[in-house]
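> next comes the sequence, and after it the predicted model I'd like to discuss.
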Amino acid sequence: MNSAPVIVITGTPGTGKSTHAQLLVDESPIPLQHINVGEWVKEKGFYTEYDEEWQSYTVDEDKLLDELEPIVSKGGVILDWHTCEAYPERWPDLVVVLRCDHSQLWERLEKRSYPLKKIQENNEAEIMEVVLDEARSSYPSEIVVELKSESMEDLQANVARIVEWIANWKAQHSN
Ligand SMILES: Nc1ncnc2c1ncn2[C@@H]1O[C@H](COP(=O)(O)OP(=O)(O)O)[C@@H](O)[C@H]1O
């Protein structure tokens with residue numbers, strides 16, 4: 001049995017996954033490793049194609065999951081990625097789906113200098129709740145939590161809530 005949980009933080013690009021994960025690493029009562037899965041895909045070459053026009057990668061999921069498996073199986077990991085359905089159902093103890101108002105999300109993505117159509121695509125995905133649906137159809141409803149990420153107060157409250165969840169997890173899994 002793992003001594004620390006596996007937490008998936010997901011949501012449309014720009015909803016605040018990395019910001020949440022970094023703060024969570026600082027505030028967690030148990031040491032957690034933050035894995036920015038999108039960065040891993042790029043750095044470690046876990047992709048089959050790169051689309052210049054969309055600035056997006058076609059992920060080699062087999063390679064990615066093979067690399068993640070031994071790390072995730074030890075526990076104590078935050079998986080930060082804009083999708084979550086590729087992971088085996090047994091992996092996460094908690095799946096956090098971050099949500100953001102679409103006009104605010106648009107501004108955040110504009111700052112990243114994404115191509116217009118990529119901003120539009122992500123914005124529509126947020127409005128259509130694509131990632132939330134993905135999480136709900138991939139994992140048991142009791143481990144999926146939808147959290148608003150539109151202000152610093154939301155960020156603080158969300159991280160405090162996850163820290164509390166970790167403390168409870170720890171109490172339930174000791175001995
Ligand atoms: N709850 C929040 N309130 C205000 N700004 C936020 C919040 N969460 C994230 N941001 C800002 O939005 C931008 C995108 O956040 P980031 O964590 O990189 O998103 P993601 O990892 O989901 O792509 C950053 O500039 C970050 O500071």
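Ah, there it is.
> quick one: name the residues of the chain near the ligand.
Taking CB under 6 Å from any ligand atom as the measure of proximity, the chain contacts the ligand at 11, 13-19, 108, 149-152, 154-155. Placement of C-beta: from N, CA and C, glycine included.
> quick one: contacts for residue 65?
Applying CB atoms under 8 Å, 6 or more residues apart in numbering to residue 65 gives the contacts 86, 87, 88.
> following the host helix or strand of it, which helix or strand comes up?
In the assignment (DSSP states H and E), residue 65 maps to helix 61-74. On the C-terminal side of helix 61-74, the nearest following helix or strand under DSSP H and E is strand 77-80.
> show me what that next one is packed against.
Contact partners of strand 77-80 among helices and strands, from 3 or more CB pairs under 8 Å, 6 or more residues apart in numbering; DSSP states H and E: strand 6-10, helix 17-27, strand 33-36, helix 37-43, helix 61-74.
> okay, these, which one's buried deepest?
Taking mean count of other CB atoms under 10 Å as the contact definition, the stretch among those with the greatest mean neighbour count is strand 6-10, which reaches a mean of 26.
> for residue 36, which residues are in contact?
Neighbouring residues of residue 36 by CB under 8 Å, 6+ apart: 18, 21, 80, 81.
> list the contacts of the residue in the chain that the ligand sits nearest to.
With CB to the nearest ligand atom as the measure, residue 16 is the residue of the chain nearest to the ligand, at 2.7 Å. Listed by CB under 8 Å, 6+ apart, the contact partners of residue 16 are 98, 100, 149, 155.
> out of these, which sit inside helices?
Of the positions in the contacts of residue 16, residue 155 sit in helices, assigned by DSSP state H.
> inside strands: which ones of the contacts of residue 16?
Members of the contacts of residue 16 lying in strands (criterion: DSSP state E): residue 98.
> farthest pair within the contacts of residue 16?
100 and 155 (11.2 Å; CB to CB).
> anything in contact with each of these two?
Common neighbours of residue 100 and residue 155 are listed as 16, 149 (criterion: CB under 8 Å, 6+ apart).
> low-confidence ranges, this protein, go.
1, 175 (pLDDT under 70).
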